[in-house]
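# Take this sequence and fold it.
(one chain, ligands or ions: 1)
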Amino acid sequence: MNNLKEKSFLAVTSLLTAEKASGRFMAFEILRRPTRQISVGHVKIGGNAPISVQSMTNTPTQNIRATVSQIRRLEKAGCEIVRVAVPDMDAAKAITAIKKKITIPLIADIHFDFRLALAAAEAGADGLRINPGNIGGKKKVKSVVECAKDRGTPIRIGINSGSLEKDIIRKYQGVTPEGMVESALRHIQMFKEFDFENMKVSLKASDVPRTIAAYRLLSAKSDLPLHVGITEAGSLYPGIVKSAIGIGMLLAEGIGDTLRVSLTRDPVEEVRVGYEILKALNLRRHGPEIISCPTCGRCDIDLLHIVEQVEKALIRSSVPVKLAIMGCVVNGPGEAREADIGIAGGKGTGVLFRKGKVIKKIPKEHLVTILLEEVRRFERGREDNTA
Ligand code: SF4
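Numbering: from 1, shown residues only. Predicted structure coming up:
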C-alpha cells in the first residue's frame, strides 16, 4: 500500500516536473456528471444549466413585508432561487402574496405535515422541499406527489443526517453515508412508483466527510440533479471553510447542480460565499473577482483599507472583471498577471497596471478612485463590444 502511494506520488511529481520543464501546466478541467434537467420556475437545474445559487430566508414567512424585503436583498446579491420555511398554514398562505413581489423562484420547505405541502403548492410555490421520512406514510407522500404532478411543481427529496429513518440507522448501526443514500433511493423509488420524476435530491450532513461520501455514492447510482450543501455549517468562519471544502470538493468532482451555503448569518452572505466557491473553481463568473496580496514588509500602503473600500464600492456590481490590489510594485503586477486591471502601492505613489503591464503612476491617495474609474471604463468597453 505504501509502495503504491509512493509510486503514484512519484508519477504525479514527475508529470509536474515535465510540465514545468516544457513551460506548460496541466489544465484543471471539471467534467460535470450528466444529470437530468428540471425547472424550478424559470431556473433550470441539472443537465448543462449553470450551477445555481440558492439561499433561505430567516424571517417568519407569514411576516410578508419582512420576508419580501429579505428576498429582494437576496435577489440583488444574485440569489437565483429562494427557500422559505413553512411551519404552519399562515406561512403556506403567505406564499401567494410573497410571490407577487419577488422575481426569483420560491421553494417551500416542509416538514412533518403533508397538508402544508399541499397548501404551499396551491399558494403558488415553484418547488417543494420535503423530507419524505418525516412527512407521514406512503399515502401522505403520494398525495403531495400527485398534487405536485398536477401543478408541474418539482420536489426536492431532502435527506438530512439528523432525521434518517430509524430502521436505516439500525441497519447501518448509525447515521452513515450508505444509510443516507439508502434513504434517498428508497424515496426516489417511491416517487417513481407514483410516476413522478420531476425531482432533485440533497443528502446533507453537518460534517464534511460524511456529506461528500454520501453524494459520491448517490451520484454513482442516480442521474437526478443534485442540490449540494453542508447543513448547519456554523457561523461565518467555520461555515465558510466547511462549505468551501465540502461543496468545493463535490463540484470539483463534477457533482452538484445547484448549491446552498448554510451560515448562521445574514443569508445574503450565503449567496456571496456560494459565488466565491463557484468562481474559485472557474465554474461561474459573477461580478468582480478581487485578488489582493497578503502584504509583507515591502508594503507601504494601507492595503486592507483599500481592499475594503473597493469591495464595498463593487458589492452590487455584476461586471466580470478580475482586479488585483497589490502591496508593492516589486512583485505586484507580475504576481497578478492574469488580472484585467490592478493597482500596486509604492512610496508616495502607486501604479495602475493592466494584464501585468504598468500603465501609469498615480498619487497613492487616488489609487481607489482611479481603480474604480478603470472598472467603469472596462464595463463600458464590454457594453460597446456586445452592442
Ligand atoms: S505584492 Fe509586494 S507587498 Fe504584496 S506580498 Fe508581494 S512583495 Fe509583499
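# how distant is stretch 307-321 from the center of its chain?
19 Å (C-alpha atoms, centre = their mean, to the nearest Å).
# my bad, stretch 54-68
Per C-alpha atoms, centre = their mean, the centroid offset for stretch 54-68 relative to its chain is 20 Å.
# Okay, now that stretch: how far is its last residue from its first?
16 Å (C-alpha to C-alpha, to the nearest Å).
# Which positions in it come out as buried?
Neighbour counts over stretch 54-68 (16 or more other C-beta atoms under 10 Å) mark 54-57, 59-64, 67-68 as buried. Just so you know, the C-beta spots here come from the backbone N, C-alpha and C atoms, and that holds for glycine as well.
# pretty sure Arg36 is touching Asn48, no?
No: proximity of Arg36 to Asn48 does not meet the contact threshold set by C-beta atoms under 8 Å, at 11.4 Å.
# Same drill for those two, tell me which one is more crowded.
Between Arg36 and Asn48, counted using other C-beta atoms under 10 Å, Arg36 has the larger neighbour count: 16 against 10.
# so what's that one up against?
Applying C-beta atoms under 8 Å, 6 or more residues apart in numbering to Arg36 gives the contacts 46-47, 197, 223-225.
# repeat that with 10 Å
Neighbouring residues of Arg36 by C-beta atoms under 10 Å, 6 or more residues apart in numbering: 45-47, 197-200, 222-225, 257.
# Which ChimeraX command selects the buried ones in the residues you listed?
Command for ChimeraX that selects the buried part of those, burial taken from 16+ other C-beta under 10 Å:
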select :45,46,198,199,200,222,224,225,257
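# Just the ones in strands from the contacts of Arg36, please.
45, 199-200 (DSSP state E).
# pLDDT score for Lys204?
You'll see Lys204 listed with a pLDDT of 85.
# Using a markdown table, please lay out the buried residues of stretch 54-68 together with secondary structure and pLDDT.
Converted to a markdown table, these look like this (DSSP: H, G, I helix; E, B strand; the rest coil; pLDDT from 0 to 100):
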| residue | secondary structure | pLDDT |
| --- | --- | --- |
| Gln54 | strand | 98 |
| Ser55 | strand | 98 |
| Met56 | strand | 97 |
| Thr57 | coil | 98 |
| Thr59 | coil | 97 |
| Pro60 | coil | 98 |
| Thr61 | coil | 98 |
| Gln62 | coil | 98 |
| Asn63 | coil | 98 |
| Ile64 | helix | 98 |
| Thr67 | helix | 98 |
| Val68 | helix | 98 |
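# Of those residues, just say which sits nearest to the ligand.
Among the buried residues of stretch 54-68, Ser55 lies closest to the ligand (C-beta to the nearest ligand atom), at 33.9 Å.
# can you pull up the bridge partners for the closest one?
When assigned by DSSP bridges, Ser55 has beta-bridge partners Val82.
# Leu352 now?
Applying DSSP bridges, one finds that Leu352 bridges with Ile343, Lys360.
# burial of it, as a residue count?
For Leu352, using other C-beta under 10 Å, the count is 20.
# Find the residue ranges of this protein scoring beneath the pLDDT cut-off.
Where the chain drops to pLDDT under 70, the residues are 1-27, 385-387.
# give me the residue from it nearest the ligand.
Counting by C-beta to the nearest ligand atom, the chain gets nearest to the ligand through Gly327 (2.7 Å).
# Can you get me a residue count around that residue?
Counted with other C-beta under 10 Å, Gly327 comes out at 24.
# Find the residue closest to it in space, skipping its chain neighbours.
Closest residue to Gly327 apart from its sequence neighbours, by C-beta to C-beta, 6 or more residues apart in numbering: Cys299 at 3.3 Å.
# What are the boundaries of the helices in the chain?
Taking DSSP state H as the test, the helices found in the chain are 2-21, 64-77, 89-100, 114-122, 138-151, 166-172, 177-193, 208-221, 236-252, 267-280, 303-313, 332-335, 367-386.
# could those helices go into a markdown table alongside distance to the ligand?
Shown next, in a markdown table, are the helices of the chain (distance: least, C-beta to the nearest ligand atom, whole Å):
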| stretch | distance to the ligand |
| --- | --- |
| helix 2-21 | 22 |
| helix 64-77 | 29 |
| helix 89-100 | 47 |
| helix 114-122 | 52 |
| helix 138-151 | 54 |
| helix 166-172 | 49 |
| helix 177-193 | 41 |
| helix 208-221 | 30 |
| helix 236-252 | 22 |
| helix 267-280 | 20 |
| helix 303-313 | 7 |
| helix 332-335 | 4 |
| helix 367-386 | 14 |
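# Show the contacting residues for Ile45.
Going by C-beta under 10 Å, 6+ apart, Ile45 touches 35-39, 51-52, 54, 80-81, 105, 127, 154, 156, 200, 225-227, 257-258.
# Would you mind listing the buried residues in stretch 304-316?
For stretch 304-316, by 16+ other C-beta under 10 Å, it's 306-307, 309-310, 314.
# ok, now stretch 232-249?
Neighbour counts over stretch 232-249 (16+ other C-beta under 10 Å) mark 232-234, 239-240, 242-249 as buried.
# Domain-wise, how is this structure divided?
38-280, 289-386 (automatic domain parsing).
# before we move on, the earlier item: Ala344 is in contact with the residue of the chain closest to the ligand, correct?
Yes: assessed by C-beta atoms under 10 Å, Gly327 is found in contact with Ala344 at 7.2 Å.
# Need the residues touching each of those two.
Residues within reach of Gly327 and of Ala344 at once, by C-beta under 10 Å, 6+ apart, are 293, 299, 301, 303, 335, 350.
# Pull the number of nearby residues for the fourth one.
Counted with other C-beta under 10 Å, the neighbours of Leu303 add up to 21.
# In contact with it, which residues are there?
Leu303 sits in contact with 292-295, 325-328, 343-345, 367, where contact means C-beta under 10 Å, 6+ apart.
# which residues touch the spatially most central residue of the chain?
Nearest residue to the geometric centre of the chain (C-alpha atoms, centre = their mean): Gly274, 3.1 Å. Counting by C-beta under 10 Å, 6+ apart, Gly274 makes contact with 51-55, 77-80, 229, 243, 247, 258-261, 284, 286.
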